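> From the sequence below, what's the structure:
(chains A, B and C)
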Amino acid sequence: MSPLLDVIAAAAAVAGLLAVGALALAIGDGVAGAAVAGRPIRVLPLIAAPFARAALAARTGSTTTERPDGAGRAVAPALLAGLAALAMVLLPLAPGVALADPDTGFVVYSAAVAFVMIAVFLHGWSPNSTLPLHGAYRFGAVALSFQIPFLLAMLATALPAQSLSIVRIVEAQASLWNVVREPLGLPIYLVVGLAVGFWGPLNLPDGDDLAGGTSAEDAGLARWLWQVARLSMLVAVAALGAAAFLGGYFGPILPGPVWVAVKTGLLLAAMAAAQHLLARVRIERFVGVAWVLLVPLALLNVFVSGAFLL
Amino acid sequence: MTTEAVLVVGAALFGIGVFGALSQQSFVMLMMGIELMINGSLLVLVAMWARAASGSPDGQMLAIVFMTVMAVEMSLGFALITGVYRVRRADITEKLRKLKG
Amino acid sequence: MTGALIDLSFAAFSLVAIVAGVRVFRTDSMVRAAFYLLASFAAAGGIIVLLGAEFLGMVLILMMAGEMLVMAIVMVMYMMNPAGLNPMVMVHQPRTAVVAGVVAFLAIAGVGLSGEVPSRPAPNPAAATADLGRELLGNSMLVFQTAGVTLLATMVGAIAVAAPRGRYGDAAEGSEEPGLQPDEEASA
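Predicted structure coming up:
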């Protein structure tokens, strides 16, 4: 029974990490919003706000639409949360310690990010309603555009490691973090990360301009679950970004897991700030920038980090 | 998991693909059939590689060529669908009695 | 992984691959069909991972996610049913197709089961990914480059065929709805 217990323990660990991260991001978002708006930052109400939203969601009834795809509506949030968990499993927490370390960790993570577009499309398509479908198509355009820059930005981090394993990618940063070695990588990754979690300036599929987009027909717990799944995905993106670019668990004095938390928190703080400091980008502008600017920059990044290693 | 079992699964996927490619009217559904056929072949190929290639990477190389074929088939298929739609307003095979533009 | 676990996962993946594969052509909505095809491909990718070609399986899954989305979008772009949720049946020669499918399955499975396959498993399965990488950028560099050039040519060709202003005129002309009668041309 030992393997089964291991699996249960790993699942609990991933769920715990994601829950803590999602809560931190929700609170940080509230703090950033208050700071940017110039409101006084009152700690207790800001900490209580996510719980209040959850309680409200639990007390709100669900809605339905005409001829929805019931299975799709149920599966989409679970799929998104599952993808976040899949990415989180790969995260190295301390030297040599990750819940799973497949040889192809990089490809597994990329596949998880690629499936985000399936989850969002499913979520927007399944209610059989106009605004969610618009959101789904928007994310189709966004997601197909960010795939290549994402893959190239991550690929550059695999070069110094000479491996596709995430654990090896972190180990290769013992002397020099990738953020220094390939300075273009992290900005590209962060832009793509905002798009992966459809957050802040790149919240195109679920934006307020579409009355909530793919979530427009959701209410109550279903809506809350989708939000939690999205926050989890952002946490996973930030955690793996910290591992791939900021040296993961490397750092002076403090123990490794603390550094992982600090660096992940740093990236999450940047995301929370972007939500309130940057205006929403028009979709055609993002698509244009992704193909015309981000792809060449990401290629340049690969070449530069390759030249660095010669 | 025996090689034979994987071969049967691959053959089943290929058979389903043949059925789809022959029976569907819509161009895209037809392409789904072709995709399933390529997928079945890919499965058989990898099974053979795992069983009989002594770990030589040549079989995996061939699989990568298969994937290239898949990508080429999809993109050219979609381009042709777009082109045909422009000229004929056609979205199903029955609308294309003659191929001349 | 232990043998029993591999067998169990293989059975589950095979079941998903085949059932979802059949459902692709038995469902009445095209977007659903795309999702089923994706499920079938993901399961096949799982089997490929189980067979030891970890990289290939994961890349297959990664590739198909994007491909399915493009498929779903193209389908609703040109088909007469924008959201892809209304039921429709668009099939021709179903009997012939079933017979052909079954014959293809029996023939290939028959060959597979009757043939003698030598047993030469990889001495070091864990190194499959690294071996593939060395082969791709070593001895088989030419194959790799050819695949790349083929894809480039495909991109150029696809854009040339589908470009809005090409030999087939302006894109705006194509924005008309297709007729609901499928056989306008045939009856004329």
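> near chain A, which residues of chain C show up?
C:2, C:5, C:29, C:31-32, C:35, C:38, C:54-55, C:58-59, C:61-62, C:65-66, C:68-70, C:72-73, C:83-85, C:126, C:129-130 (Cβ under 8 Å from any Cβ of the partner chain). C-beta coordinates here come from the backbone N, C-alpha and C atoms, glycine included.
> buried subset of those residues?
Burial by neighbour count, judged by 16 or more other Cβ atoms under 10 Å in any protein chain shown, picks out C:29, C:31-32, C:35, C:38, C:54-55, C:58-59, C:61-62, C:65-66, C:68-69, C:72-73, C:83-85, C:129-130 from the residues of chain C next to chain A.
> Please report the distance of residue B:62 from chain A.
Going from residue B:62 to chain A by Cβ to the nearest Cβ, to the nearest Å gives 19 Å.
> List the residues that contact that residue.
In this structure, residue B:62 makes contact with B:45, B:49, judged by Cβ atoms under 8 Å, 6 or more residues apart in numbering or on different chains.
> Kindly report the same for the one 10 residues further on.
By Cβ under 8 Å, 6+ apart, residue B:72 lies in contact with C:150-151, C:154.
> Dump those into a markdown table; add secondary structure, pLDDT and neighbour count as well.
Converted to a markdown table, these look like this (DSSP: H, G, I helix; E, B strand; the rest coil; pLDDT from 0 to 100; neighbours: other Cβ atoms under 10 Å in any protein chain shown):
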| residue | secondary structure | pLDDT | neighbour count |
| --- | --- | --- | --- |
| C:150 | helix | 93 | 15 |
| C:151 | helix | 92 | 14 |
| C:154 | helix | 93 | 18 |
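> Make JSON lines out of those residues and add distance to residue A:181.
JSON lines is the format used below for the contacts of residue B:72 (distance: Cβ to Cβ, whole Å):
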{"residue": "C:150", "distance to residue A:181": "33"}
{"residue": "C:151", "distance to residue A:181": "29"}
{"residue": "C:154", "distance to residue A:181": "34"}
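> Residue 14: how many residues sit nearby?
Using chain A here. Neighbourhood size, residue A:14 [other Cβ atoms under 10 Å in any protein chain shown]: 21.
> Chain B was what I was after
A count of neighbours around residue B:14, defined by other Cβ under 10 Å, yields 25.
> follow-up on the earlier one: mind listing which of the buried ones among the residues of chain C next to chain A are in helices?
Counted as lying in helices by DSSP state H, out of these, are C:31-32, C:35, C:38, C:54-55, C:58-59, C:61-62, C:65-66, C:68-69, C:72-73, C:129-130.
> Show me where the stretch 51-200 of chain A has its helices.
Assigned by DSSP state H, counting those that start in this stretch, the stretch 51-200 of chain A shows helices spanning A:70-89, A:105-125, A:130-161, A:166-171, A:178-181, A:185-196.
> Check chain C too.
C:3-26, C:30-50, C:54-78, C:94-114, C:128-136, C:141-162, C:184-187.
> Sketch out the low-pLDDT regions of chain B for me.
Residues of chain B meeting the criterion pLDDT under 70: B:98-101.
> follow-up on the earlier one: tell me the most buried of the helices of the stretch 51-200 of chain A?
Most buried of the helices of the stretch 51-200 of chain A, by mean neighbour count (mean count of other Cβ atoms under 10 Å in any protein chain shown): helix A:105-125, with a mean of 26.
> what is the orientation angle of that helix with helix A:130-161?
Per axes from the mean of the first three to the mean of the last three Cα atoms, to 10 degrees, the angle that helix A:105-125 makes with helix A:130-161 is 180 degrees.
> can you tell me if helix A:105-125 touches chain C.
Yes - for helix A:105-125, a contact with chain C is found by Cβ under 8 Å from any Cβ, at A:107-108, A:110-111, A:114-115, A:117-118, A:121-122, A:125.
> closest to residue A:196 among these?
residue A:117 (8.9 Å; Cβ to Cβ).
> Check the gap between that closest one and residue C:38 for me.
11 Å (Cβ to Cβ, to the nearest Å).
> Identify the contacts common to those two.
When contacts are counted by Cβ under 8 Å, 6+ apart, residue A:117 and residue C:38 are jointly contacted by residue C:65.
> any idea how chain C splits into domains?
C:1-91, C:125-166 (automatic domain parsing).
> Go through these and pick out the most buried.
Scoring the domains of chain C by mean count of other Cβ under 10 Å, the most buried comes out as domain C:1-91, with a mean of 20.
> Quick check: mean pLDDT of that one?
Averaged over domain C:1-91, pLDDT sits at 84.
> How about stretch A:106-120?
Stretch A:106-120 shows a mean pLDDT of 92.
> and residue B:48, how many residues sit next to it?
Residue B:48: 20 neighbours (other Cβ under 10 Å).
> what sits up against the helix or strand of chain A with the lowest mean pLDDT?
In chain A, the helix or strand scored least confidently by mean pLDDT, DSSP states H and E is strand A:97-98, which has a mean of 76. If you take Cβ under 8 Å, 6+ apart as the criterion, strand A:97-98 is touched by A:89-92, A:166-167.
> Please name the strands paired to that strand in the sheet, noting orientation.
strand A:92-94 (antiparallel) (DSSP bridges).
> For my notes, confirm residue A:218 occurs in a strand.
No - Residue A:218 is assigned coil when assessed by DSSP: H, G, I helix; E, B strand; the rest coil, not a strand.
> and the residue nearest to residue A:280 when sequence neighbours are not counted, how many neighbours does it have?
Nearest residue to residue A:280, sequence neighbours excluded (Cβ to Cβ, 6 or more residues apart in numbering or on different chains): residue A:201, at 5.5 Å. Close neighbours of residue A:201, defined as other Cβ under 10 Å, add up to 17.
> residue contacts, residue A:201?
Residue A:201 neighbours (Cβ under 8 Å, 6+ apart): A:194, A:274-275, A:278-281.
> with the residues you listed in mind, which one is nearest to chain C?
Closest approach between the contacts of residue A:201 and chain C, by Cβ to the nearest Cβ: residue A:194, at 19.4 Å.
> Surely that closest one is in contact with residue A:270?
No - counting by Cβ atoms under 8 Å, residue A:194 stays clear of residue A:270, with 9.4 Å between them.
> With residue B:20 as the reference, measure out to residue A:47.
In terms of Cβ to Cβ, residue A:47 sits 54 Å off from residue B:20.
> Now the residue sitting furthest away from the middle of chain B. Nearest residue, chain neighbours left out?
Using Cα atoms, centre = their mean, the residue of chain B lying farthest from its centre is residue B:54. It sits 27.5 Å away. Using Cβ to Cβ, 6+ apart and skipping the chain neighbours, the partner closest in space to residue B:54 is residue C:120 (4.5 Å).
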